[in-house]
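# sequence plus the predicted model coming up.
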Amino acid sequence: GHNFNSPHTHSYCNIGGSTEPVDACVPQAYGPACNSAYGQLPKGCPGSGQGCGTIMSYCHLINGSYANIAMTFGLGHLYGTLPERVPQRMSAHVQSQAASNPGCLAPIVDGPLLTVSKSGTGSGTVTSSDGGINCGSDCSQNYTAGASVSLTASPAAGSSFSGWSGDCSGTGNPTSVTMNAAKTCTATFTLIPTTPIHVGDLDNTSTRSGTRWNARVTITVHDASDQPISGATVSGTWSNGTTGSASCTTGTNGQCTVTKSNLKTSVQSVKLTVTNVTASGRSYSSTSNHDPEADSTGTAITVNRP
């Protein structure tokens, strides 16, 4: 630290008119203003072992030892930091000495840069096996010259991976690129087209059960050509005299049934509202819902007490 013009941080006071040092871990006198809290970490520190001191102090000599030290050189101290103590200044000095004495200390040089980008109508992420790239948000990384980097493209839901371009090519996934120079790899994601589906009919029935009654609704799901869709999951809610959710999955005829049981006779009617229909490779178009008998809106239907 002294080689980089840093005084002891326990004597680094009177900055901005304050008598407080950066830390207070001095075992000998450096003046009463900077020695009044000998043996303690700075005011406001959570306690020993919390990294409140700096390497230009004697904080390792008090309770907590080296766990008391934070590698900051006083950077961020409330009353300022001398330019000679800024880590960037120290790094520049090391780089300068390394360049002047290459046989003693080799300069740090970044390797070739790998840049990843994405294109296409779909979406997804690209990651490297070493964790240096997660694109996403982190789409570039320097690598050692000659390193082989493995990239994996992961399409988001509703998208597919179509292939690589740039310095990567083909459809292999993962793919590898050799970093003998700066490289750019682009992953193309394509949106998977979906077929719209809708509710093609809602039918209601009601039955007595002792002093109670049951409401039943049969839902029919169609595609754009009004052909039945099997394997579609219908979700809905009950209201108007009762509460709760409802769900069923259509069979080969495109139909499924939900039931609300044990309704009191004081309940005159209940209503089922379809809130969503899901099926693989399909998209729900609620605006296309209809009912050929016109006894519902195609989205909601009322069931009266028998």
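Cool, got the structure. Residues are numbered from 1 along each chain as shown.

# how near is the residue lying closest to Gln141 once chain neighbours are set aside to Thr125?
Computed as Cβ to Cβ, 6 or more residues apart in numbering, the closest residue to Gln141 that is not its neighbour in sequence is Gly132, at 3.6 Å. For the C-beta atoms, the positions are set from N, CA and C on the backbone; glycine is no exception. Counting by Cβ to Cβ, to the nearest Å, the gap from Gly132 to Thr125 is 14 Å.

# those two - which one has more neighbours?
More neighbours surround Thr125 than the other of Gly132 and Thr125, with 19 against 14 (other Cβ atoms under 10 Å).

# which helix or strand contains the more buried one?
strand 124-128 (DSSP states H and E).

# packing partners of that strand?
Strand 124-128 sits against strand 113-119, strand 134-135, strand 147-155, strand 183-191, with contacts defined as 3 or more Cβ pairs under 8 Å, 6 or more residues apart in numbering; DSSP states H and E.

# and that strand, which strands flank it?
strand 134-135 (antiparallel), strand 147-155 (antiparallel) (DSSP bridges).

# what about dumping the CA coordinates of that strand to CSV?
Taking C-alpha atoms only, strand 124-128 is exported to CSV below (Å, rounded to 0.1, in the frame of the first residue of the first chain):
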residue,chain,number,x,y,z
GLY,A,124,-35.1,-18.1,-26.1
THR,A,125,-31.7,-17.9,-24.4
VAL,A,126,-28.2,-19.0,-25.3
THR,A,127,-25.8,-20.2,-22.6
SER,A,128,-22.2,-21.4,-22.5
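
# give me the low-pLDDT residue ranges for the stretch 51-200 of the chain?
Scanning the stretch 51-200 of the chain with the threshold set as pLDDT under 70 gives 55-56, 71-93, 105-109.

# follow-up on the earlier one: check contacts around the residue nearest to Gln141.
Neighbouring residues of Gly132 by Cβ atoms under 8 Å, 6 or more residues apart in numbering: 114, 138, 141, 143, 149.

# again, only using 10 Å
114, 138, 140-143, 149 (Cβ atoms under 10 Å, 6 or more residues apart in numbering).

# and what of Ile133?
114-116, 125-127, 139-141, 143, 149, 151-152, 185.

# same check, this time on Gly244
Counting by Cβ under 10 Å, 6+ apart, Gly244 touches 236-238, 258, 260, 270.

# of those, grab the buried ones for PyMOL.
The PyMOL command for the buried members of the contacts of Gly244 (criterion: 16 or more other Cβ atoms under 10 Å) is given here:
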select buried, resi 236+238+258+260+270
